[in-house]
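Colleague: A predicted structure for the sequence below; I have some questions about it.
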There are 2 protein chains.
Amino acid sequence: MEIIGIVAGCCTTASFLPQVVRTWKTKSVEDISLRMYLLLCLGVFLWLVYGLLVESIAVILANAVTLVLALAVLVMKIRYRGVSVKSINRNP
Amino acid sequence: MEIIGIVAGCCTTASFLPQVVRTWKTKSVEDISLRMYLLLCLGVFLWLVYGLLVESIAVILANAVTLVLALAVLVMKIRYRGVSVKSINRNP
(Lines give C-alpha, C1' and ligand atoms only; values in the text may rest on other atoms or scores of the structure.)
Protein backbone atom coordinates (compact mmCIF):
# COMPACT_ATOMS: atom_id res chain seq x y z
CA MET A 1 0.00 0.00 0.00
CA GLU A 2 2.84 2.40 0.91
CA ILE A 3 4.28 1.91 -2.57
CA ILE A 4 1.21 3.68 -4.03
CA GLY A 5 1.89 6.68 -1.82
CA ILE A 6 5.56 6.72 -2.79
CA VAL A 7 4.78 6.49 -6.53
CA ALA A 8 2.06 9.14 -6.15
CA GLY A 9 4.51 11.44 -4.38
CA CYS A 10 7.16 10.92 -7.07
CA CYS A 11 4.64 11.68 -9.84
CA THR A 12 3.25 14.86 -8.28
CA THR A 13 6.74 16.07 -7.35
CA ALA A 14 8.30 15.26 -10.72
CA SER A 15 5.34 16.71 -12.61
CA PHE A 16 6.65 20.26 -12.18
CA LEU A 17 9.92 19.46 -13.92
CA PRO A 18 8.52 19.57 -17.50
CA GLN A 19 6.93 22.95 -16.73
CA VAL A 20 10.25 24.31 -15.42
CA VAL A 21 12.07 23.04 -18.54
CA ARG A 22 9.43 24.42 -20.90
CA THR A 23 9.37 27.84 -19.24
CA TRP A 24 13.16 28.01 -19.05
CA LYS A 25 13.40 27.22 -22.80
CA THR A 26 10.62 29.48 -24.03
CA LYS A 27 10.80 32.33 -21.49
CA SER A 28 7.07 32.57 -22.27
CA VAL A 29 4.85 32.70 -19.17
CA GLU A 30 1.72 34.47 -20.37
CA ASP A 31 -0.61 31.48 -19.93
CA ILE A 32 0.70 30.50 -16.51
CA SER A 33 -1.32 31.77 -13.54
CA LEU A 34 0.75 33.80 -11.09
CA ARG A 35 -1.88 33.27 -8.37
CA MET A 36 -1.66 29.50 -8.83
CA TYR A 37 2.05 29.42 -8.17
CA LEU A 38 1.87 31.90 -5.27
CA LEU A 39 -0.77 29.77 -3.55
CA LEU A 40 0.97 26.54 -4.51
CA CYS A 41 4.34 27.65 -3.09
CA LEU A 42 2.62 28.72 0.15
CA GLY A 43 0.83 25.37 0.40
CA VAL A 44 3.92 23.32 -0.38
CA PHE A 45 5.93 25.35 2.15
CA LEU A 46 3.31 24.59 4.80
CA TRP A 47 3.45 20.87 3.88
CA LEU A 48 7.23 21.09 4.39
CA VAL A 49 6.72 22.65 7.85
CA TYR A 50 4.13 19.95 8.61
CA GLY A 51 6.54 17.23 7.50
CA LEU A 52 9.25 18.66 9.78
CA LEU A 53 6.81 18.77 12.72
CA VAL A 54 5.61 15.18 12.27
CA GLU A 55 9.18 14.14 11.32
CA SER A 56 8.10 12.40 8.10
CA ILE A 57 11.04 12.01 5.72
CA ALA A 58 8.71 11.30 2.77
CA VAL A 59 6.65 14.46 3.30
CA ILE A 60 9.79 16.54 3.85
CA LEU A 61 11.60 15.22 0.76
CA ALA A 62 8.62 15.37 -1.62
CA ASN A 63 7.68 18.90 -0.62
CA ALA A 64 11.24 20.24 -0.50
CA VAL A 65 11.77 19.17 -4.13
CA THR A 66 8.32 20.41 -5.17
CA LEU A 67 8.96 23.75 -3.48
CA VAL A 68 12.20 24.26 -5.40
CA LEU A 69 10.49 23.44 -8.72
CA ALA A 70 7.37 25.49 -8.03
CA LEU A 71 9.48 28.45 -6.89
CA ALA A 72 11.50 28.18 -10.12
CA VAL A 73 8.29 28.54 -12.15
CA LEU A 74 7.11 31.39 -9.91
CA VAL A 75 10.39 33.30 -10.28
CA MET A 76 10.35 32.84 -14.07
CA LYS A 77 6.69 33.90 -14.21
CA ILE A 78 7.57 37.15 -12.41
CA ARG A 79 10.83 37.67 -14.34
CA TYR A 80 9.50 37.02 -17.86
CA ARG A 81 6.04 38.53 -17.40
CA GLY A 82 5.29 40.91 -20.26
CA VAL A 83 8.23 39.58 -22.29
CA SER A 84 6.55 38.93 -25.67
CA VAL A 85 8.00 35.78 -27.16
CA LYS A 86 7.22 34.77 -30.75
CA SER A 87 7.34 31.12 -31.88
CA ILE A 88 10.07 29.15 -30.16
CA ASN A 89 10.37 25.36 -30.24
CA ARG A 90 7.95 24.37 -27.39
CA ASN A 91 7.99 20.60 -27.07
CA PRO A 92 8.37 19.48 -23.41
CA MET B 1 -0.12 20.84 14.29
CA GLU B 2 -2.90 19.23 12.20
CA ILE B 3 -4.16 22.69 11.33
CA ILE B 4 -0.95 23.30 9.33
CA GLY B 5 -1.64 20.17 7.28
CA ILE B 6 -5.24 21.22 6.69
CA VAL B 7 -4.26 24.76 5.60
CA ALA B 8 -1.46 23.34 3.43
CA GLY B 9 -3.93 20.96 1.77
CA CYS B 10 -6.42 23.75 1.16
CA CYS B 11 -3.72 25.97 -0.40
CA THR B 12 -2.29 23.30 -2.71
CA THR B 13 -5.78 22.14 -3.72
CA ALA B 14 -7.18 25.63 -4.27
CA SER B 15 -4.06 26.76 -6.13
CA PHE B 16 -5.24 25.13 -9.35
CA LEU B 17 -8.43 27.18 -9.42
CA PRO B 18 -6.83 30.43 -10.74
CA GLN B 19 -5.16 28.41 -13.51
CA VAL B 20 -8.49 26.83 -14.49
CA VAL B 21 -10.18 30.27 -14.54
CA ARG B 22 -7.35 31.85 -16.52
CA THR B 23 -7.23 29.07 -19.10
CA TRP B 24 -11.01 29.00 -19.41
CA LYS B 25 -11.05 32.79 -20.04
CA THR B 26 -8.10 32.99 -22.43
CA LYS B 27 -8.34 29.61 -24.16
CA SER B 28 -4.56 30.09 -24.46
CA VAL B 29 -2.53 27.08 -23.34
CA GLU B 30 0.75 27.44 -25.22
CA ASP B 31 2.91 28.02 -22.15
CA ILE B 32 1.35 25.24 -20.07
CA SER B 33 3.24 21.93 -20.08
CA LEU B 34 1.13 18.99 -21.23
CA ARG B 35 3.56 16.54 -19.60
CA MET B 36 3.23 18.33 -16.27
CA TYR B 37 -0.53 17.90 -16.17
CA LEU B 38 -0.40 14.29 -17.44
CA LEU B 39 2.05 13.36 -14.68
CA LEU B 40 0.23 15.48 -12.12
CA CYS B 41 -3.16 13.88 -12.85
CA LEU B 42 -1.60 10.42 -12.59
CA GLY B 43 0.04 11.30 -9.27
CA VAL B 44 -3.07 12.91 -7.81
CA PHE B 45 -5.15 9.90 -8.91
CA LEU B 46 -2.72 7.59 -7.12
CA TRP B 47 -2.95 9.80 -3.98
CA LEU B 48 -6.74 9.39 -4.22
CA VAL B 49 -6.38 5.60 -4.40
CA TYR B 50 -3.94 5.76 -1.47
CA GLY B 51 -6.41 7.86 0.53
CA LEU B 52 -9.17 5.31 -0.14
CA LEU B 53 -6.92 2.45 0.93
CA VAL B 54 -5.83 4.12 4.20
CA GLU B 55 -9.38 5.52 4.62
CA SER B 56 -8.20 9.09 5.15
CA ILE B 57 -10.99 11.58 4.49
CA ALA B 58 -8.52 14.50 4.25
CA VAL B 59 -6.37 12.79 1.60
CA ILE B 60 -9.46 11.65 -0.33
CA LEU B 61 -11.13 15.07 -0.30
CA ALA B 62 -8.02 17.12 -1.13
CA ASN B 63 -7.00 14.87 -3.99
CA ALA B 64 -10.51 14.43 -5.41
CA VAL B 65 -10.86 18.22 -5.75
CA THR B 66 -7.31 18.60 -7.07
CA LEU B 67 -7.92 15.85 -9.62
CA VAL B 68 -11.02 17.59 -10.97
CA LEU B 69 -9.15 20.92 -11.30
CA ALA B 70 -5.99 19.40 -12.78
CA LEU B 71 -8.05 17.35 -15.25
CA ALA B 72 -9.87 20.53 -16.28
CA VAL B 73 -6.55 22.18 -17.16
CA LEU B 74 -5.38 19.02 -18.93
CA VAL B 75 -8.56 18.79 -21.04
CA MET B 76 -8.32 22.48 -21.96
CA LYS B 77 -4.61 22.10 -22.78
CA ILE B 78 -5.45 19.28 -25.22
CA ARG B 79 -8.55 21.01 -26.57
CA TYR B 80 -7.05 24.47 -27.16
CA ARG B 81 -3.55 23.37 -28.19
CA GLY B 82 -2.54 25.13 -31.37
CA VAL B 83 -5.40 27.61 -31.07
CA SER B 84 -3.54 30.92 -31.60
CA VAL B 85 -5.04 33.50 -29.28
CA LYS B 86 -4.14 37.19 -29.59
CA SER B 87 -4.40 39.58 -26.65
CA ILE B 88 -7.27 38.75 -24.33
CA ASN B 89 -7.76 40.17 -20.83
CA ARG B 90 -5.47 37.84 -18.75
CA ASN B 91 -5.61 38.88 -15.10
CA PRO B 92 -6.19 35.97 -12.69
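Modeller: Yep, it's here. Numbering: from 1, shown residues only, chains lettered A, B, ... in the order given.
Colleague: Where does the residue lying closest to residue A:57 once chain neighbours are set aside fall, secondary structure wise?
Modeller: Counting by CB to CB, 6 or more residues apart in numbering or on different chains, residue A:51 is the residue found nearest to residue A:57 once chain neighbours are left out, at 8.0 Å. Placement of C-beta: from N, CA and C, glycine included. Here residue A:51 sits within helix A:34-54, counting by DSSP states H and E.
Colleague: so whatever helix or strand comes next after that helix versus helix B:34-54, what angle?
Modeller: Beyond helix A:34-54 in the direction of the C-terminus, DSSP H and E gives the next helix or strand as helix A:57-79. Taking axes from the mean of the first three to the mean of the last three CA atoms, to 10 degrees, one finds that helix A:57-79 is oriented at 150 degrees with respect to helix B:34-54.
Colleague: so how far is helix A:57-79 off the chain centroid?
Modeller: Centroid separation for helix A:57-79 versus its chain: 5 Å, with CA atoms, centre = their mean, to the nearest Å.
Colleague: Now do the buried residues in stretch A:44-61.
Modeller: Of the residues in stretch A:44-61, those with enough neighbours to count as buried (16 or more other CB atoms under 10 Å in any protein chain shown) are A:44-51, A:59-60.
Colleague: So the nearest residue to residue A:45 once chain neighbours are set aside versus chain B, what's the distance?
Modeller: Across the structure, with CB to CB, 6+ apart as the measure, the residue nearest residue A:45 apart from its sequence neighbours is residue A:67 (6.0 Å). Counting by CB to the nearest CB, to the nearest Å, the gap from residue A:67 to chain B is 11 Å.
Colleague: Next: residue A:77.
Modeller: Distance from residue A:77 to chain B, by CB to the nearest CB: 9 Å.
Colleague: Tell me how many other residues surround that residue.
Modeller: Applying other CB atoms under 10 Å in any protein chain shown, we find 19 residues neighbouring residue A:77.
Colleague: Verify the stated contact: residue A:66 with residue A:14.
Modeller: No - contact status for residue A:66 versus residue A:14: not in contact, 9.1 Å apart, counting by CB atoms under 8 Å.
Colleague: out of these two, which sits in the more crowded spot?
Modeller: Using other CB under 10 Å, the more surrounded residue of residue A:66 and residue A:14 is residue A:66, with 24 against 18.
Colleague: Now residue A:20: which helix or strand?
Modeller: Residue A:20 belongs to helix A:16-26, assigned by DSSP H and E.
Colleague: So which other helices or strands are in contact with that helix?
Modeller: Secondary-structure packing of helix A:16-26 (3 or more CB pairs under 8 Å, 6 or more residues apart in numbering or on different chains; DSSP states H and E): helix A:57-79, helix B:34-54.
Colleague: what packs against the longest one?
Modeller: Other helices and strands packing on helix A:57-79, by 3+ CB pairs under 8 Å, 6+ apart, are helix A:2-14, helix A:16-26, helix A:34-54.
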